[in-house]
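1. below is the sequence, then the predicted model.
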Amino acid sequence: MDSKLNRFFKAYPLEKLMQTIPTGLFMVNPEMEIVYWNNEAERITGYTASEAVGRHCSFLDGTPCDKHCGLFGVNVPKPITGIGCSVVHRDGHRVELTKNIDLLYDTEGVMIGGIESFVDITQLKDLQKNLKQEVAARTVELEQEQRNLSSVLDGMTDLAYLCTEDYGISFMNRAMQELLGEIRARKCYEVMHGLPRICDDCPFRKSRRERLYVRSASCRCPGVPMRLSTLPYTRPMAGCGSWVCVVILLSACAMKLN
């Protein structure tokens, strides 16, 4: 061992180091009785060292440890890092943990016990759960908004469609479907102008700056001049990203394909 490190351990004993690390830590003998329990383990579980040391580790009611012990499992390679489990706090609530475990051996290679270090991730788990619930609720809300907007556009006799940030057509109303057939997922500049790239005077870019943007245009479909109105819809929509553009081709219902 390095002489400087030796001096460090003489001045700052290993036991003191284990008591000050910011993770819970305990050690057990081969009979799974706790022989060491640090301060952070006390804080996380609510059990003091005097209450934990000498007891079988099963008193923590660990899950999934109650079904299969990873530490002493003969078919489980060690060390194991970053695995999840939970234990019951002294006051009765369950604490979610992430932990590292390994076996301990003496100088002759005889297994003398095991060590586990762990961190309380209960708040993180709760945040993840709440976030999933909020995302699910927001997704339902966005899907309803999309249905409402789709119903409005479907009721129009003019052609109308929704265009996503990447210029893909994500929705087309009945009037447009009857005239052009199924063109969803195709790029608007391909369908409407027969171009391989974004139009130089793309109205979507201008509508982002000017909100409602109206101009006359000649599109390949339906093939005659028309009045094109674009309106940005900045609220996220399910499956459409964070921005869509509502496009209405005014009076196009009376036009025919060339």
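-> Here it is on my side, so go on.
2. check the gap between E178 and T157 for me.
-> Separation of E178 from T157 (Cβ to Cβ, to the nearest Å) stands at 11 Å. For every residue, glycine as well, the C-beta is placed using N, CA and C.
3. this protein: helices as residue ranges?
-> 3-11, 14-20, 39-45, 49-52, 122-154, 174-180, 188-193, 203-210 (DSSP state H).
4. how far off centre is the first one?
-> It stands for helix 3-11. 45 Å (Cα atoms, centre = their mean, to the nearest Å).
5. closest to I101 out of the helices of the chain?
-> helix 39-45 (13.7 Å; Cβ to Cβ).
6. what's the closest one packed up against?
-> strand 24-28, helix 49-52, strand 94-105, strand 111-120 (3 or more Cβ pairs under 8 Å, 6 or more residues apart in numbering; DSSP states H and E).
7. could you pull up the mean pLDDT of the last one?
-> Computed over strand 111-120, the mean pLDDT rounds to 97.
8. any idea of the mean pLDDT in stretch 34-49?
-> 97.
9. D166 is in contact with A185, correct?
-> No - between A185 and D166 there is no contact under Cβ atoms under 8 Å: 10.6 Å.
10. what about L17, distance to R7?
-> Counting by Cβ to Cβ, the gap from L17 to R7 is 14 Å.
11. just N38 next, same as before
-> Counting by Cβ to Cβ - N38 and R7 are separated by 24 Å.
12. between those two, which is the more surrounded one?
-> Ranked by neighbour count (other Cβ atoms under 10 Å), N38 and R7 place N38 first, with 21 against 10.
13. residues contacting that one?
-> 18-19, 21, 24-26, 49 (Cβ atoms under 8 Å, 6 or more residues apart in numbering).
14. now it. Nearest residue, chain neighbours left out?
-> Spatially, and ignoring its direct neighbours in sequence, N38 is nearest to L25 (4.6 Å; Cβ to Cβ, 6 or more residues apart in numbering).
15. bridging residues for that neighbour?
-> S117 (DSSP bridges).
16. dump the residue contacts of it.
-> Contacts of L25 (Cβ under 8 Å, 6+ apart): 18, 36-38, 40-41, 115-118.
17. ok, the residue nearest to V87 when sequence neighbours are not counted to I34 distance?
-> Sequence neighbours aside, L60 is the residue nearest to V87 in space, at 4.1 Å (criterion: Cβ to Cβ, 6+ apart). Noted for L60: a distance of 9 Å to I34, by Cβ to Cβ.
18. could you do K10 as well?
-> On the measure of Cβ to Cβ, K10 and I34 end up 28 Å apart.
19. which one of these two is surrounded by more residues?
-> Neighbour tally, K10 and I34, criterion other Cβ under 10 Å: the higher count belongs to I34, 23 against 8.
20. surely the more buried one meets A52?
-> Yes - using Cβ under 8 Å, I34 is in contact with A52, at 5.1 Å.
21. burial of the nearest residue to K125 once chain neighbours are set aside, as a residue count?
-> Setting aside the residues directly before and after it, K125 is nearest to E96 in space (Cβ to Cβ, 6+ apart), at 4.5 Å. Per other Cβ under 10 Å, the neighbour tally for E96 reads 17.
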